[in-house]
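In: Generate a structure from the sequence data that follows.
(one chain, ligands or ions: 1)
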Amino acid sequence: MFNKLKNFIRPVRVRIAPSPTGNLHIGTARTALFNWLFAKKYGGKFILRIEDTDLERSRPEFEKDIINGLRWLGLEWDEGPYRQSERLDTYEKYLKKLFKEDKAYYCSCSKESLEKERQRQMQEGKPTIYEGACRNKKISAEQSQLIRIKNSFTEPIVFNDLIRGDISFDMKLIGDIAIAKNLRTPLYNFAVVIDDFEMKISHVIRGEDHIANTPKQILIQQALGFPRPKYAHLPLILDPDRSKMSKRFSATSVQEYRDQGYLPEALVNFMALLGWHPTTDIEKLLLAEIMEQFSLERIQKGGAVFDIQKLNWFNAEYIKEKTPEELLAAIASLFGKETIGDPAVAIKIITVGKPRMNTLRDFREIRNSFTLKEYDRSLLIWKNTPAEKIKENLLKTNEMLRQLLVKEFNDLKNLERYLMPFADSNGRGEVLWPLRAAISGRDKSPGPFELMWILGKEETLARLEKAIQKLNSDVE
Ligand code: GLU
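Out: Okay, the predicted model is just below:
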């Protein structure tokens, strides 16, 4: 117990640190979610830091997408967004400190000579590291290509990962790593270390792909005398063939899922299970419920397979919980008002179609399924019932429906109460099958009452007339 408490003596401060070099990636969103959960669970702060030191690849529109995506998922941050591009003075200050303490040096090696060194090391079966040709040279800022840190470690370093346990690194395999291009252009590992220190980050929770960066970051921390944050590396997200998730298999950006009509609750629930397990068998959980149960101990080491079927299941479940009005608003904002058509009809379509919807996008298909296509008269025939009998039943139904006021027709329960006695006395199949087939023109569709309720009196009667004519032409 005491040990557990000790872990949290420093206030919990965690961060999501996306690089705005692409749209918000599912992997980044999952990392954000786990950091958010951890912060909320332990009363800490969740910080958003935009790592835009790669000037060539960073774009404002990607930053916007990341911010919108996090908000859409409901992962609001407590501080930020901080931008590394706005913090160059801070990085410069620490670079100068390292120079002053003789812990960093300018390197003038050209790309070509570094490449030659690498080739030679590979041939000799040695680790490919910078061996320190410039370490003891006097190189001016003007001549330099890079700023490197002196790596004087002779012993391996060990860090404790809260998910994976102790991880040991042979520091000789790292060499004198580059930490900046110049005083105003820090490189990734350096900027991260400075920011994590300055922002008082207590726990670095990030993807497994950053494990290899950790010893480099510890090297920089130690040179600057910074405390070491706690580390937790989340398992990779895998495609169904167990390769690293890639565009080849799956949509990888949050935006694509939003555009396809997934609900944020579904995506959050699904992402939480990419590497974490709830405390009971119940997997369908809202963000607040996940937070209640969340702990790093329940995160697995092995890769987490991205199973789109499971996401679809969650989405369908969350769609079922929404009112038709809520779904209508979501569909309109996603696909535009023109997709909706008459809102009163759209509400009916959604009410009836909801159980069949996996994504909001399915609305279009469901709506289209109510248009009448050409169909064969044989569709109207129920089992071995003679066409004459079918026609008779349709005529009678037509007649009965005609007598209803529009108001009575538009009441789904009333329609059912009105026609069912006739169906029961003349055979449900013989009455309701041709009715449903006549109205839908399809082999499969929602039931006849729901169809009539959606289409309204006029359209229903027109479709019935059409069916009756089809049977007439056959009988003659
Ligand atoms: N900027 C890094 C990325 O986008 C994350 C760095 C970190 O979490 O330490 O993957």
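
In: for the helix or strand encompassing Ile67, packing partners?
Out: Secondary structure assignment for Ile67, by DSSP states H and E: helix 60-73. For helix 60-73, the elements it packs on are helix 26-41, strand 45-50, helix 254-259, helix 264-272, judged by 3 or more C-beta pairs under 8 Å, 6 or more residues apart in numbering; DSSP states H and E. The way it works is simple: take the backbone N, C-alpha and C, and place the C-beta from them, glycine included.

In: Ala180: which of these is closest?
Out: Of all the helices and strands packed on helix 60-73, the one in closest proximity to Ala180, counting by C-beta to C-beta, is strand 45-50 (18.0 Å).

In: moving C-terminal of the helix holding Ile67, what's the next helix or strand?
Out: Past helix 60-73, further along toward the C-terminus, the next helix or strand under DSSP H and E is strand 79-83.

In: returning to that earlier point: the helices and strands packed on helix 60-73: which one's closest to Ile211?
Out: Comparing those under C-beta to C-beta, the one sitting nearest is helix 26-41, at 13.5 Å.

In: Could you check the angle the host helix or strand of His233 makes with helix 26-41?
Out: Mapping His233 onto the secondary structure by DSSP H and E places it in strand 230-234. Relative orientation of strand 230-234 versus helix 26-41 (axes from the mean of the first three to the mean of the last three C-alpha atoms, to 10 degrees): 140 degrees.

In: got the contact list for strand 230-234?
Out: Contact partners of strand 230-234, identified using C-beta atoms under 8 Å, 6 or more residues apart in numbering, comprise 7, 30-31, 34, 159-164, 202-208, 210-211, 214, 275, 296, 299.

In: Kindly export it (C-alpha atoms) in PDB.
Out: What follows is strand 230-234, C-alpha atoms only, in PDB (Å, rounded to 0.1, in the frame of the first residue of the first chain):
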ATOM      1  CA  LYS A 230       7.800   7.000 -14.600                       C
ATOM      2  CA  TYR A 231       7.400   5.200 -17.900                       C
ATOM      3  CA  ALA A 232       4.500   3.100 -19.200                       C
ATOM      4  CA  HIS A 233       4.700   1.800 -22.800                       C
ATOM      5  CA  LEU A 234       1.400   0.800 -24.300                       C
END
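
In: list the buried ones in stretch 419-436?
Out: Within stretch 419-436, the residues that qualify as buried by neighbour count (16 or more other C-beta atoms under 10 Å) are Leu419, Ala423, Asn426, Glu430, Val431, Leu432, Trp433, Pro434, Leu435, Arg436.

In: again with stretch 60-79
Out: Judged by neighbour count using 16+ other C-beta under 10 Å, the buried positions of stretch 60-79 are Phe62, Glu63, Asp65, Ile66, Ile67, Gly69, Leu70, Trp72, Leu73, Leu75, Trp77.

In: ok so Leu379 is a helix residue?
Out: Yes: in this structure, Leu379 lies within a helix as judged by DSSP: H, G, I helix; E, B strand; the rest coil.

In: so how far is Ala329 from it?
Out: Using C-beta to C-beta, to the nearest Å, one obtains 36 Å as the distance from Leu379 to Ala329.

In: More neighbours: which of these two?
Out: Each of Leu379 and Ala329 had its neighbours counted (other C-beta atoms under 10 Å), and the higher figure belongs to Leu379 (17 against 14).

In: who touches that one in this structure?
Out: By C-beta under 8 Å, 6+ apart, the neighbours of Leu379 are Ala437, Gly441, Arg442, Asp443.

In: The residues you listed also near the ligand: which ones?
Out: When the contacts of Leu379 are checked against the ligand using C-beta under 6 Å from any ligand atom, none falls in range.

In: and Ile439, what does it touch?
Out: Each residue near Ile439 by C-beta under 8 Å, 6+ apart is listed here: Ser445, Pro448, Leu451, Met452, Leu455, Thr460, Arg463, Leu464.

In: can you pull the pLDDT of Thr154?
Out: The per-residue pLDDT reported for Thr154 equals 89.

In: so where's the chain uncertain?
Out: Residues of the chain meeting the criterion pLDDT under 70: 1-9, 474-476.

In: remind me, longest helix of it?
Out: With residue count as the measure and DSSP state H as the assignment, the chain has helix 448-475 as its longest helix.

In: At the contact with the ligand, which residues of the chain appear?
Out: Close to the ligand, as judged by C-beta under 6 Å from any ligand atom, the chain has residues Ala17, Pro18, Ser19, Glu51, Val192, Arg206, His210.

In: Tell me the spacing between the third one and Ile147.
Out: Which is Ser19. Between Ser19 and Ile147 the distance is 21 Å, computed by C-beta to C-beta.

In: who has more neighbours, these two?
Out: Ile147 (23 against 19).

In: That one: what secondary structure?
Out: Ile147, by the three-state scheme (three-state DSSP), is strand.

In: List the contacts of the closest residue to it other than its chain neighbours.
Out: Taking C-beta to C-beta, 6 or more residues apart in numbering as the measure, Ile147 lies nearest to Ala180, with 4.2 Å between them; neighbours along the chain are not counted. Ala180 is in contact with Tyr91, Leu95, Leu146, Ile147, Pro186, Leu187, Phe190, counting by C-beta under 8 Å, 6+ apart.

In: who's in contact with the third one?
Out: Contacts for Leu146 (C-beta under 8 Å, 6+ apart) come out as Tyr106, Cys107, Cys109, Ala178, Ala180, Lys181.

In: nearest spatial neighbour of the last one, skipping sequence neighbours?
Out: In space, not counting the residues next to it along the chain, Lys181 is nearest to Leu146; the distance is 6.1 Å by C-beta to C-beta, 6+ apart.

In: Would you mind measuring from that neighbour to His210?
Out: Separation of Leu146 from His210 (C-beta to C-beta) stands at 21 Å.

In: One more: Ser445?
Out: Counting by C-beta to C-beta, the gap from Ser445 to His210 is 52 Å.

In: and the gap between Phe197 and the ligand?
Out: In this structure, Phe197 and the ligand are 13 Å apart, going by C-beta to the nearest ligand atom, to the nearest Å.

In: What of Asp376?
Out: When distance is defined by C-beta to the nearest ligand atom, Asp376 is 58 Å away from the ligand.

In: Number of residues surrounding that residue?
Out: Per other C-beta under 10 Å, the neighbour tally for Asp376 reads 9.
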